[in-house]
Structure formats: structure tokens, C-alpha cells
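J.: Generate a structure from the sequence data that follows.
(one chain, ligands or ions: 1)
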Amino acid sequence: MRLTPGPARDIDLDRVDLFDLDLYASGDPHPVWDAMRARAPLHHQVLPDGREFWSVTRYDDVCRVLGDHQEFTSQRGTVVTHLGTDDVAAGRLITSTDPPRHTEVRRAIGSRLTPRAVAPWEDRIRQAVVRFLEPALDGGTFDLAERALRLPAVVTGPLLGIPERDWDELVELTAMVTAPSDPHFRHGGEAATLAIAHHELVAYVTDWVARRRSAGGDDGSLLDHLMSVRAGEFPLTDEEIALDGYSLLLGANVTTPHTVSGTVLALIERPEQFAKAQADPLLVPNLVEEGLRWTSAACNFMRYAVGDTRIGGGTVPAGGAVVAWIGSANRDGTRFTDPHTFDVTRTAKGQIAFGFGPHYCVGAPLARLTLRVFFEELLQRFGSIELDGAPQHLRSFFIAGMTHLPIVAQNRKTP
Ligand code: HEM
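T.: Coordinates of the predicted model:
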């Protein structure tokens, strides 16, 4: 998705199609969201097949939809690609469950992913990042977006307890779930791609759970830990463990790579920002937060209104699907000064790339650590980075990302 908006243009909000994949693959969604925040903070769209949804784009409204489960439930599904089909795993999968059950499962998973729990992973992540960046410095073209898809594997794979030999397949399957219409990942039609990927992923984690059960013991991995988690009086069933493992895989694989490529592209387009970040290593945490805000890789999440609900100057009827556009909220000028300016000195406090409220990303500490280490190493090694071809954007209205970002990097000269 284009992250630097093009020139202002007239936008007819009655005709805007937020499900038009061309808008994200080759168009310019930010001016559309700007217009929605200004003129239609509650926007309603009916698709040709009769499915309908409401959109909120302002920062406060997005936080309210994501954060208030009593008004806006997650129990029918939260991913917009499934609009109109209730989640078969509702109430059992961490992402599609409301408190109080959600709170118990979430607490148990979160305890293994706190900043303190992930801190010991730093050296290992650094070694992986250094290995990842090395080939970029041989003077040839390096497709950062394509290669970055594999980056979470080396970080989250060992944490989940999944062998590295399986990661290529899992990366492919998770990409199919999030961008089923992208020609890079499509297998047949969109529905078929989604069905195949979902089935294969759940089958993979289910097999893994069965194997761990028969092996006995605890290998210290997060999936093993899930086997001891209780929701109320009962331990999670094997199916629930598999579903939560699926969420973790998805959460880890599909977001961090796009944050990396989108932030690197922003730096390529703004050499003065690159120079600033390089001159002051203390700016790296700022760069990470600004990169998260700027890219907002999980561009939206969905909820369903529990009752008739007033929001954004209108009313969503009970049962209506509401899409909370995180990518828009993170560019809301009432919250962020000059929102379309990428500025590494901005603190980007309050950015909501990780969501808001009870479902706030449980992997945020790990993602932040990975991104910090990535940019520390990149800025230390690369003297300059240039584009070596046009970036290609992901064909998805859910994940804002790239499939190709060809770059050429020069070694940083040591003084
Ligand atoms: C830059 C990287 C990432 C971004 C932008 C991101 C974004 C998000 C967002 C916006 C949500 C909220 C969903 C909602 O409100 O329904 C979320 C939830 C979640 N994320 Fe992430 N995520 C990232 C990295 C990760 C990683 C590394 C993991 C795994 C280790 C992960 C696992 C999850 C899980 C399991 C949830 C569901 C939490 C719940 O329902 O309580 N994410 N993520």
C-alpha cells in the first residue's frame, strides 16, 4: 500500500469502494481515509453481493471500536477478509473471544511475551538480523520485502518450538491467509486460497500438539506452555491450543516484515531522515515507533456492534460489522501533528499499530525488540540505500505491505 499520499484529489465518498484491491495494490488509500475522517467519520458500504459494513477512521472512534468489547464484540470474527461469515472458532480462538475468557487465555500467553520475558532473546535475534543483512552488502540487488517475509521465522520459530525446516511452508501459508488475492500467494480463487491455507495451518499445529503430547515433557516453548493454560476450570483443548498457535503464527509472520520494508522505503525516500537516525543511535526507538505508525501493517480489524450504537455521528445497527481503520487513525491530524510527515524525531506516542484495548497485540514486545535490533544493525552497516526498481505493493485490504522492494545498499565507511 502506498504510504506517502499523492496529490490531493476530489473523492466522492458515496462511490468509494474500500474492498477494491487495486486501491491498495496500485492506488492511494490515504487521501480516501483523510476524506472519510473529515466528511464521513461513519461510512457505510454495501458490496455487490449484499454484504455490508461500516467504517470508522478517526483515532478516537477506532480506539473505541477496538477497545470496548461490550459495545463491539470480537466473538464473530475480527478479520475483514471473513466479512459476512461468522468465525467457526468464535469463543475458542484468542482473537475471536471476548473477556472474561479472553482475559484468562491472554494472560497466560502474554506472560511468556512480556518485555522482560523476551529480553534474553536479543542476542539470538541480533545474530539472525546480521545474517539476514549480510547479503545486501555484496553490491547486488537485494529484494528486502521478499526476503523479510522469512525474518519472523528465525525469531518466532524457536520461541514457538517449530523447527526451521517447516518455516518456508508456514510463511507461504500465512501469506495466503492475509493476501488471498495477491498473485504471489493465490492458489485458484480467493475463497479456495483462504480455505486451503486455513486448513493446512490448523492441521500443522494440530499435528504438532499431538506429537508433543505423545513425546511428553515440556521443551519450554510457547506452544508447550499453552498445553498447561486453563480457561476457567478446564485446560485448553487440543483444538483450542491449535487455534491459538495459529493466531500466534499469523500475528508474527504477516506484520513485522511489512513494518520493516515500509520503514526502510520511508528512509530511502527521505535521505535526511536516514542521516538523522544514523547520526544519533538513541533515535532508533523513535524510528521504530514512527515506522510502526507510518506503516500500520495491520491496516484494520473488525468487530460487530452488539446493539444499535451511536458512533462517528451516525448509528451502526445491532449486528452490523464495523471496520476500524488503524492505518487511518495513525494519520489522524487531531492526534499527530503533520500526520503524513515521516519524522524520526517524533515520539509517535499513542500510535495504535498494535491495536488498542483487550486485544492489544500480545506480540508487541517481541516485535519492538526485533525492529529495534533490525534498525540498529541496518544503520550501523549501511552507508546508503537506494531503490533498484519499483516497489510492488501487496494486494490486500487487510495487511498494508509490499511483495517486492529491490534495493542496493552501500557499506558504511568507518571513520
Ligand atoms: C509489527 C508487528 C505487529 C503488528 C503491527 C501487530 C498488530 C496487531 C494488532 C493491531 C492486533 C490487535 C487485533 C485486534 O484488535 O483484534 C494484534 C493482535 C495480536 N498479535 Fe500482533 N502485531 C505484530 C506482531 C506480532 C507478533 C510478533 C506476534 C506473535 C509473537 C503477534 C501475535 C498477536 C496475537 C496472538 C494477537 C491477538 C491478541 C488478542 O486477541 O488478545 N503479533 N496484533
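
J.: Show the subsequent helix or strand relative to the helix or strand bottoming out on mean pLDDT in the chain.
T.: Lowest on mean pLDDT, DSSP states H and E among the helices and strands of the chain sits strand 230-231, with a mean of 76. The first helix or strand that comes after strand 230-231 along the chain, using DSSP states H and E, is strand 234-235.

J.: Check the offset of that following strand from the chain's centre.
T.: Chain-centre distance of strand 234-235: 30 Å, with C-alpha atoms, centre = their mean, to the nearest Å.

J.: partner strands of it, parallel or antiparallel?
T.: Within its sheet, strand 234-235 is paired with strand 230-231 (antiparallel), according to DSSP bridges.

J.: Model confidence score at Gly217, please.
T.: pLDDT, Gly217: 69.

J.: I meant to write His102 there.
T.: 91.

J.: now swap in Gly27 and tell me
T.: As predicted, Gly27 sits at a pLDDT of 95.

J.: Tell me the spacing between it and the ligand.
T.: 22 Å (C-beta to the nearest ligand atom, to the nearest Å). In this view, the C-beta of every residue, glycine as well, is placed from N, C-alpha and C.

J.: And Asp182, by the same measure?
T.: Separation of Asp182 from the ligand (C-beta to the nearest ligand atom) stands at 18 Å.

J.: check contacts around that residue.
T.: Contact analysis of Asp182 by C-beta atoms under 8 Å, 6 or more residues apart in numbering lists 25, 175, 394-396, 403.

J.: Neighbour-wise, which one of these leads?
T.: With neighbours defined as other C-beta atoms under 10 Å, the most crowded of the contacts of Asp182 is Leu394; it has 29 neighbours.

J.: That one touches Pro183, doesn't it?
T.: No - at 10.6 Å, Leu394 and Pro183 do not qualify as touching, with contact defined as C-beta atoms under 8 Å.

J.: what secondary structure does Ala119 sit in?
T.: Following DSSP: H, G, I helix; E, B strand; the rest coil, Ala119 is assigned to helix.

J.: ugh, wrong one, Tyr24
T.: Secondary structure, three-state DSSP: Tyr24 is helix.

J.: give me the number of residues near it?
T.: Each residue near Tyr24 was counted by other C-beta under 10 Å, and the total is 27.

J.: what does Gly333 give?
T.: 13.

J.: Would you check how far apart the closest residue to it other than its chain neighbours and Gly188 are?
T.: Distances taken as C-beta to C-beta, 6 or more residues apart in numbering put Pro339 closest to Gly333, at 5.1 Å, once the chain neighbours are dropped. Using C-beta to C-beta, to the nearest Å, one gets 39 Å for the distance from Pro339 to Gly188.

J.: Looking at these two, which one has more neighbours?
T.: Between Pro339 and Gly188, Pro339 has the larger neighbour count (other C-beta under 10 Å), namely 21 against 10.
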